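Colleague: what would the 3D arrangement of this be:
(4 chains)
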Number of protein chains: 2
Amino acid sequence: MGSAERKEREKHEMREMILNAAKKLFIKEGFEHVTIRRIAEEIEYSPATVYLYFADKDAILCALQEVGFRDLFKRQQVLSAIKHPAEKLRACGKIYLDFAMENQELYDLMFIMRAPMKAFNSPADWTVGKDTYEVLQEIVTDCINQGYLKAPSSQIACFSLWALLHGVVSIFIRERAPMISKDQQSQVINGILDFTMAELLDK
Amino acid sequence: MGSAERKEREKHEMREMILNAAKKLFIKEGFEHVTIRRIAEEIEYSPATVYLYFADKDAILCALQEVGFRDLFKRQQVLSAIKHPAEKLRACGKIYLDFAMENQELYDLMFIMRAPMKAFNSPADWTVGKDTYEVLQEIVTDCINQGYLKAPSSQIACFSLWALLHGVVSIFIRERAPMISKDQQSQVINGILDFTMAELLDK
DNA sequence: TTATAAACTAAACGCTGTTTATTATTTAAA
DNA sequence: TTTAAATAATAAACAGCGTTTAGTTTATAA
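Modeller: Got it, this is the predicted structure:
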């Protein structure tokens, strides 16, 4: 009798319930309202039950990161339809920026918050974003190989580009740009993308 | 009798004591250990006393930000000795990067942490970094005016450059670069500065 | 039906930022 | 110098947090 399989499935479903509740709270009420007690309330169980499915709060946030990275990776799939490396690079940047600004709480969790990283001993163990980074890396390499981009190292060029994109959105998300109003943000983001591509790519 | 002045001075000294204790804990033990109770312990007063000198914890962190920005501004003063705009721009970037990596906890407080920003109603009220940003802005403008930098807008160029610098250091500080080991970080930072300056500046 | 295992939770622990009521100290006027 | 008012400091509590423990309820298998 497949009761063991059912148990397994129920365990997985409970984990999903908890993650969904956490994600809902995260997006709807912001990080500070994501507490074990609120999650428990949301799924109508006691706080202690949550600990039967996740080691601790950080493990929940860590699992939520994966959800975010899968989402970003999914968005990147449209890039395969673009053949021109330079165009592809710009589109890759645009996807990243759009994802960040449309999912600020999730982006924050993925790239800024300390808490979910506590589940790892070393930064090298954090491989959750590997796939999404490799997408960028491949495009940058293509740009260099096909002569659209001059750089001493594709690693440096790729990391620089990521740093620029992350810098822009994280400055906005953590509200460090008093000189730029909320209305201007998307305008500035587009301006930066234009400026960067113009500087970087040799037509 | 100048007892009012003495009171004023004592009040100011107490605030300084609290800030110094907070800064010490911040740098020596990291953010999570900076609690009102630990600060109180450090200055040998009760936790409640702290609230006679600061409205709340966020106000302390906010005041600590100012300390950090004064420190960064001080470092920027050596730039006045450099006349060539392009050289000046590179030096400005180097100063920023060095400050960030040498004072990671303070940098985090200034540019990443949410808590100290709660003391402001709107991002526009956060003017503490104005002076340091204007230094960069002026250099970028000089570079454009003297033909070393081509950009459609000095605002966009300046913000892009800041975003890049902030992006790099904040990725390292918040441990989001599994592909780069701690030993490689300063090397990568220098590489990025070289790459960016080469791309940006027309010789 | 009954013994065992699994699922769940009430209550507590130690921590946090913060407030309140109370005490001690200092100041200024009588 | 004495006394009333103002100031400074704190002990103790409050409400919240993540987490653990001990105990109960529910489901499973013999």
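Colleague: does the helix or strand of chain A with the lowest mean pLDDT reach chain B?
Modeller: None of the helices or strands of chain A scores lower by mean pLDDT, DSSP states H and E than helix A:3-29, at a mean of 91. No. Judged by C-beta under 8 Å from any C-beta of the partner chain, helix A:3-29 makes no contact with chain B; its nearest approach is 14.2 Å. All C-beta spots, glycine's among them, are computed from the backbone N, C-alpha and C.
Colleague: just checking, next helix/strand downstream of that helix?
Modeller: Going down the chain from helix A:3-29, the next helix or strand is helix A:36-43, by DSSP states H and E.
Colleague: what's around A:Arg70, how many residues?
Modeller: 12 (other C-beta atoms under 10 Å in any protein chain shown).
Colleague: against A:Ile18, how distant is it?
Modeller: Distance, A:Arg70 to A:Ile18, using C-beta to C-beta, to the nearest Å: 17 Å.
Colleague: which parts of chain A sit against DNA strand D?
Modeller: A:1, A:3-4, A:34-38, A:47-48, A:51, A:56-58 (C-beta under 7 Å from any atom of the strand).
Colleague: between those, which sits nearest A:Glu134?
Modeller: Taking C-beta to C-beta as the measure, A:Glu134 lies nearest A:Asp58 of the residues of chain A next to DNA strand D, at 25.8 Å.
Colleague: surely that closest one touches A:Lys118?
Modeller: Yes. A:Asp58 is in contact with A:Lys118 according to C-beta atoms under 8 Å; the separation is 4.6 Å.
Colleague: and stretch A:46-63, what's its mean pLDDT?
Modeller: Stretch A:46-63 shows a mean pLDDT of 98.
Colleague: using PDB, list the CA coordinates for it.
Modeller: Extracted C-alpha coordinates of stretch A:46-63, given in PDB (Å, rounded to 0.1, in the frame of the first residue of the first chain):
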ATOM      1  CA  SER A  46       0.800  26.400  15.100                       C
ATOM      2  CA  PRO A  47       4.200  28.100  14.800                       C
ATOM      3  CA  ALA A  48       5.900  24.900  16.100                       C
ATOM      4  CA  THR A  49       4.500  22.900  13.100                       C
ATOM      5  CA  VAL A  50       6.500  25.100  10.700                       C
ATOM      6  CA  TYR A  51       9.700  23.700  12.300                       C
ATOM      7  CA  LEU A  52       8.700  20.100  11.300                       C
ATOM      8  CA  TYR A  53       9.100  21.100   7.700                       C
ATOM      9  CA  PHE A  54      11.900  23.700   7.700                       C
ATOM     10  CA  ALA A  55      15.000  23.800   9.900                       C
ATOM     11  CA  ASP A  56      14.600  27.400  10.700                       C
ATOM     12  CA  LYS A  57      13.400  30.700   9.200                       C
ATOM     13  CA  ASP A  58      16.500  31.100   7.100                       C
ATOM     14  CA  ALA A  59      15.800  27.800   5.400                       C
ATOM     15  CA  ILE A  60      12.400  29.100   4.400                       C
ATOM     16  CA  LEU A  61      13.900  32.300   3.000                       C
ATOM     17  CA  CYS A  62      16.600  30.200   1.200                       C
ATOM     18  CA  ALA A  63      13.900  28.100  -0.400                       C
END
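Colleague: which positions within that stretch qualify as buried?
Modeller: A:Val50, A:Tyr53, A:Phe54, A:Lys57, A:Asp58, A:Ile60, A:Leu61, A:Cys62, A:Ala63 (16 or more other C-beta atoms under 10 Å in any protein chain shown).
Colleague: what of stretch A:151-169?
Modeller: Neighbour-count burial for stretch A:151-169, counted by 16+ other C-beta under 10 Å, picks out A:151, A:154-169.
Colleague: avg pLDDT for that stretch?
Modeller: For stretch A:151-169, the mean per-residue pLDDT is 97.
Colleague: ok, that stretch near chain B or not?
Modeller: Yes. Counting by C-beta under 8 Å from any C-beta, chain B has neighbours in stretch A:151-169: A:151-153, A:156-157, A:159-160, A:162-168.
Colleague: restricted to helices, list these.
Modeller: Using DSSP state H to define helices, the subset of the residues of stretch A:151-169 next to chain B located there is A:Ile156, A:Ala157, A:Phe159, A:Ser160, A:Trp162, A:Ala163, A:Leu164, A:Leu165, A:His166, A:Gly167, A:Val168.
Colleague: would you mind measuring from the closest residue in space to the fifth one that isn't next to it in sequence to chain B?
Modeller: Going back to what we said before, that points to A:Trp162. Nearest residue to A:Trp162, sequence neighbours excluded (C-beta to C-beta, 6 or more residues apart in numbering or on different chains): A:Leu136, at 6.4 Å. Remark: distance between A:Leu136 and chain B (C-beta to the nearest C-beta, to the nearest Å) = 12 Å.
Colleague: pretty sure A:Leu136 sits against A:Phe159.
Modeller: No. Assessed by C-beta under 8 Å, A:Leu136 is found out of contact with A:Phe159, at 9.4 Å.
Colleague: against A:Leu109, how distant is A:Ala115?
Modeller: Where A:Leu109 is concerned, A:Ala115 sits at a distance of 8 Å (C-beta to C-beta).
Colleague: what is in contact with those two at once?
Modeller: Shared contacts of A:Ala115 and A:Leu109 (C-beta atoms under 8 Å, 6 or more residues apart in numbering or on different chains): A:Leu61.
Colleague: which one of those two is surrounded by more residues?
Modeller: Counted by other C-beta under 10 Å, A:Ala115 and A:Leu109 do not tie: A:Leu109 has more neighbours, with 23 against 15.
Colleague: quick check: mean pLDDT of the strand or helix carrying the more buried one?
Modeller: Secondary structure assignment for A:Leu109, by DSSP H and E: helix A:104-111. For helix A:104-111, the mean pLDDT works out to 97.
Colleague: by contact count, what packs against that helix?
Modeller: For helix A:104-111, the contact count by 3 or more C-beta pairs under 8 Å, 6 or more residues apart in numbering or on different chains; DSSP states H and E identifies helix A:3-29, helix A:57-76, helix A:154-173 as packing neighbours.
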